[in-house]
Structure formats: structure tokens, C-alpha cells
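1. Provided below for reference: sequence and predicted model.
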Amino acid sequence: MINLHTASTPNGRKILIALEEIDAPFKATFLNLGAGDQFVDGFLQLNPNNKIPVIEDIDNGVVLWESGAILLYLGENYDPHNRILPTTMNNRWEAIQYAFFQTGGLGPNLGRLATQLERLDADRNGEMVSIFSTEVDRLLGVLDRILADGRDYLAKEFSIADIMHYPWLRPVIELKAPQLMSRTRVVEWIQKIAARPSIERAYHVQ
């Protein structure tokens, strides 16, 4: 049994998607980040970095935080049918590579851009909006080049690489952001992920 401590954020949804995809038994506890649940002593004992998501693997006595590490752990230990972590060496390392690419690139830059755009016009830092918007556009171009060979998913088969990206790009496609919508290959890839049954189930967990 996996105890998942999460929230309705892109990083929180990553683990829910993986758990639904591999059909692992889990219990999800949603933290109220606005109320500061991530700072209470009980949660800090699980993650001193006061961030979600966190998993507790009850059977193995393992506690893990950082979404990329959690996805690797689930792929290694709870994925007997290799639904999220490929078995072929090239595809497996591509999946890991693109998972790390997301944590260091698209995730933080989209997060910083969204933080600026959520502010009132008078409170926005125009320079920061320009910097983060330009970098997001560049990273979408990288994804477009990766998908240019016709592959269905980043590592050629569905994997943790796609799971890492999807929750961050879902709201971007819902907003029909021109930077994204102009890249049809990236849009089609996101839509392909969205059609998987695990996605709908993951977004209905509350």
C-alpha cells in the first residue's frame, strides 16, 4: 500500500497519474497548501523540504519525496508490466533523461511565469515575464524537435517522461497559449496522453 501526500497541483498530479497507470493500491491525502499543511511537524518529518508529493511505502518502510524520484521508485518496484518505465535500455534512459529535463526546465519556468502572470499588472515584473516566457517558448521548441521523428511519446513508448510533463502542459493547452498551439506535434502528443484512461481517473481523485 502506498500512502500519497499530495495536492491539486501539477507536481501532485504526476504521482496520481503513475499510480493509476500501474494500478497500484494507494491512499491519497490532500494537503491544503494555502493553509500551511506542508509546514506542520507531522509532514516535515516526512519531507524536511516542506513540499508535495511524498509517498510512504508501508510494506517496504520507504518514504520518498521529489516527484522524479518517486516515479522512478514506482517504476522499479510497482510496475510489473512496464507501463511507465521501459525495459529496453535506450528507451529506459530516454525516459529518465526527459524526466530530468522536465524537473530542470519546463516545470520551474512555467511555475515562475505563472506566478508573475497571476499578479496584478502593477505588481508584475515585466523583465521576469519576458525571461520566463522566452525560456518556456524555447523549451516547447525542444519538445517539438524531439517529437519531429514521429514518435508517439517522448521515450517512444509511454513513460515517466510523459507523466512528468503532462500536468504542467495541461493548463497551457486549456488556455490555448499561442506558444503551444502553434506547435501541432506537441499539442497532438499532449492530447494522446490525455486520452489515456489513467489521466481521467487521476484527475478525479480528491
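-> Nice, I can see it.

2. Just the C-alpha atoms of stretch 48-68, please, in CSV.
-> Taking C-alpha atoms only, stretch 48-68 is exported to CSV below (Å, rounded to 0.1, in the frame of the first residue of the first chain):
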residue,chain,number,x,y,z
PRO,A,48,12.0,18.4,5.6
ASN,A,49,11.8,20.4,2.4
ASN,A,50,8.0,21.0,3.1
LYS,A,51,6.9,20.1,-0.5
ILE,A,52,4.5,17.7,-2.0
PRO,A,53,4.4,15.0,-3.2
VAL,A,54,5.6,12.5,-0.7
ILE,A,55,4.9,8.7,-0.6
GLU,A,56,5.1,6.3,2.2
ASP,A,57,5.6,2.7,1.0
ILE,A,58,4.1,0.9,4.0
ASP,A,59,5.2,-2.6,3.0
ASN,A,60,8.8,-1.6,2.5
GLY,A,61,9.2,1.1,5.0
VAL,A,62,10.3,3.6,2.4
VAL,A,63,9.5,7.4,2.5
LEU,A,64,10.3,9.4,-0.7
TRP,A,65,9.9,12.9,-1.9
GLU,A,66,10.7,14.7,-5.1
SER,A,67,8.4,13.7,-7.9
GLY,A,68,11.1,12.3,-10.3
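
3. And that stretch, how far out from the chain middle?
-> Stretch 48-68 sits 15 Å away from the centroid of its parent chain (Cα atoms, centre = their mean, to the nearest Å).

4. Quick check: mean pLDDT of it?
-> Here stretch 48-68 scores 96 as its mean pLDDT.

5. How about stretch 112-128?
-> Along stretch 112-128, the predicted confidence averages to a pLDDT of 71.

6. now swap in stretch 23-37 and tell me
-> Looking at stretch 23-37 alone, the average pLDDT works out to 96.

7. quick one, domains of this structure?
-> Following automatic domain parsing, one gets these domains for the chain: 2-83+199-204, 89-197.

8. TSV for those domains, including mean neighbour count?
-> C-beta: built from backbone N, CA, C; applies to glycine. Formatted as TSV, the domains of the chain follow (neighbours: other Cβ atoms under 10 Å):
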stretch	mean neighbour count
domain 2-83+199-204	17
domain 89-197	17
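
9. can you tell me which helix in the protein is longest?
-> Criterion DSSP state H: the longest helix present in the chain is helix 126-146.

10. Show residues contacting that helix.
-> Applying Cβ atoms under 8 Å, 6 or more residues apart in numbering, the external contacts of helix 126-146 come out as 98, 101, 105-106, 109-110, 112-113, 116-117, 154, 165, 179-180, 183, 185-186, 189.

11. now do stretch 147-160
-> Judged by Cβ under 8 Å, 6+ apart, the contacts made with stretch 147-160 from elsewhere in the structure are 18, 21, 68, 71-72, 75, 83-86, 91-92, 94-96, 98-99, 143, 146, 161-162, 165, 185-186, 189, 192-193, 196.

12. Find the nearest non-adjacent residue to the residue most central in space within the chain, please.
-> By Cα atoms, centre = their mean, the mean C-alpha position of the chain lies nearest to residue 164, the distance being 3.2 Å. By the measure of Cβ to Cβ, 6 or more residues apart in numbering, the closest residue to residue 164 outside its immediate chain neighbours is residue 102, 4.0 Å from it.
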